[in-house]
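Visitor: Please work out how this folds:
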Amino acid sequence: MARYLHGMRRWWGSRGISVRSMLNCSLVSRHGVGNQADGTLQRAILGLHTMIGGEGPLSYAQNSSYQGGIVDVAKPIIEEEIAKKLDINQLCPNGLMNSFWIADFGCSTGHNSFPAIQMITRFLQQKFQSERLVSQIPDFYVFFNDQVKNDFNTLFCSLPPKRQYQAVGLPGSYHGRLLPKASLHFAYSSAALQWLSQVPKVVVDPNSPAWNKGRVHYLGARQEVVDAYSSQHAKDIETFLEANGPCSSRCNPYKR
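Guide: Next up is the predicted model:
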């Protein structure tokens with residue numbers, strides 16, 4: 001945890017923002033707006049909540065080896081889940097499928113996203129080939145999503161030259177709908193969905209038992225504070241799934 005907080009201080013410090021200013025302003029999360037009456041301040045601060053772009057010493061590309069390790073650990077799990085749970089019969093009952101849509105929610109500048117997407121598309125190709133239920137493997141379209149001020153220039157300049165997919169930029173918050181209903185076949189996100197859409201209102205209310213005075217985290221806080229953050233996270237995950245998931249269980253291509 002100390003290492004994590006040190007990383008946070010370094011990240012925010014590169015923007016000239018102190019931890020105390022974060023607390024005093026009741027700042028927004030990376031993909032949402034917090035409890036702040038001044039709408040102008042909300043919008044100004046929201047634009048800061050992106051990873052540092054480029055390839056410099058403070059950039060995400062040069063400071064994300066830990067996140068890259070998460071991708072490596074998840075590799076066998078993703079492979080197993082695609083092999084077991086992706087139901088191609090339900091996706092294309094007539095044996096025809098022209099395109100397969102994939103989204104990476106929280107792609108940053110692509111440093112860790114590209115290896116993950118390359119891995120996912122390879123596993124999907126293997127799945128289609130092994131099942132032999134379609135006349136040909138569909139074209140893969142990958143939607144790289146992050147905040148509107150994310151450094152998409154670095155992302156697209158760094159695209160792997162030999163890739164098995166078409167790349168599309170998808171700016172905006174993943175807490176709202178970004179694609180047409182029932183259009184997304186595969187969603188991927190790593191080290192991103194833990195960001196809340198907003199600071200729980202009760203933790204900044206002096207009259208609330210969950211008031212989190214003097215803190216920007218809940219480590220060592222009262223149970224009411226932990227419950228407030230947990231409740232907000234549950235709401236955010238539900239909103240994310242409703243906005244970006246299948247239209248209903250009847251059109252869900254993944255076996256339960």
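Visitor: Please enumerate the strands of the chain.
Guide: 99-105, 139-146, 166-171, 186-188 (DSSP state E).
Visitor: and the angle for the second one with strand 99-105?
Guide: Pointing back at strand 139-146 there. Orientation note: strand 139-146 sits at an angle of 20 degrees relative to strand 99-105 (axes from the mean of the first three to the mean of the last three C-alpha atoms, to 10 degrees).
Visitor: pull the CA atoms of strand 139-146 into CSV?
Guide: Presented in CSV, the C-alpha positions along strand 139-146 are these (Å, rounded to 0.1, in the frame of the first residue of the first chain):
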residue,chain,number,x,y,z
ASP,A,139,-13.0,-9.3,-38.9
PHE,A,140,-12.0,-8.1,-35.4
TYR,A,141,-12.7,-4.5,-34.5
VAL,A,142,-11.1,-3.3,-31.3
PHE,A,143,-12.5,-0.1,-29.7
PHE,A,144,-9.8,1.5,-27.5
ASN,A,145,-11.7,3.5,-24.8
ASP,A,146,-10.4,6.1,-22.3
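Visitor: coming back round to it: give me whichever of the strands of the chain is most buried.
Guide: Comparing the strands of the chain by mean neighbour count (mean count of other C-beta atoms under 10 Å), strand 139-146 comes out on top with a mean of 22. Every residue, glycine included, has its C-beta placed from N, CA and C.
Visitor: between that strand and strand 166-171, how many degrees?
Guide: Using the same axes, to 10 degrees, strand 139-146 lies at 30 degrees relative to strand 166-171.
Visitor: Show me how far strand 139-146 is from its chain's centre.
Guide: How far strand 139-146 lies from its chain's middle: 13 Å, per C-alpha atoms, centre = their mean, to the nearest Å.
Visitor: counting contacts, what elements does it pack onto?
Guide: When contacts are defined as 3 or more C-beta pairs under 8 Å, 6 or more residues apart in numbering; DSSP states H and E, strand 139-146 sits against strand 99-105, helix 113-131, helix 152-157, strand 166-171.
Visitor: for these, which one sits closest to residue 195?
Guide: Using C-beta to C-beta as the measure, strand 99-105 is the one of the helices and strands packed on strand 139-146 that comes nearest residue 195, at 10.5 Å.
Visitor: Show which residues not belonging to that closest one make contact with it.
Guide: By C-beta atoms under 8 Å, 6 or more residues apart in numbering, the list of residues contacting strand 99-105 from outside reads 113, 116-117, 120-121, 124, 138-145, 165, 170, 174, 178-179, 183-189, 192-193, 240, 244.
Visitor: ok, back up a step: in a markdown table, list the strands of the chain along with mean pLDDT and distance to residue 215.
Guide: Formatted as a markdown table, the strands of the chain follow (pLDDT from 0 to 100; distance: least, C-beta to C-beta, whole Å):
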| stretch | mean pLDDT | distance to residue 215 |
| --- | --- | --- |
| strand 99-105 | 95 | 28 |
| strand 139-146 | 96 | 27 |
| strand 166-171 | 96 | 32 |
| strand 186-188 | 93 | 32 |
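Visitor: Adding distance to residue 207, write those strands out as a markdown table.
Guide: Shown next, in a markdown table, are the strands of the chain (distance: least, C-beta to C-beta, whole Å):
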| stretch | distance to residue 207 |
| --- | --- |
| strand 99-105 | 36 |
| strand 139-146 | 36 |
| strand 166-171 | 38 |
| strand 186-188 | 39 |
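Visitor: Thanks a lot, catch you later.
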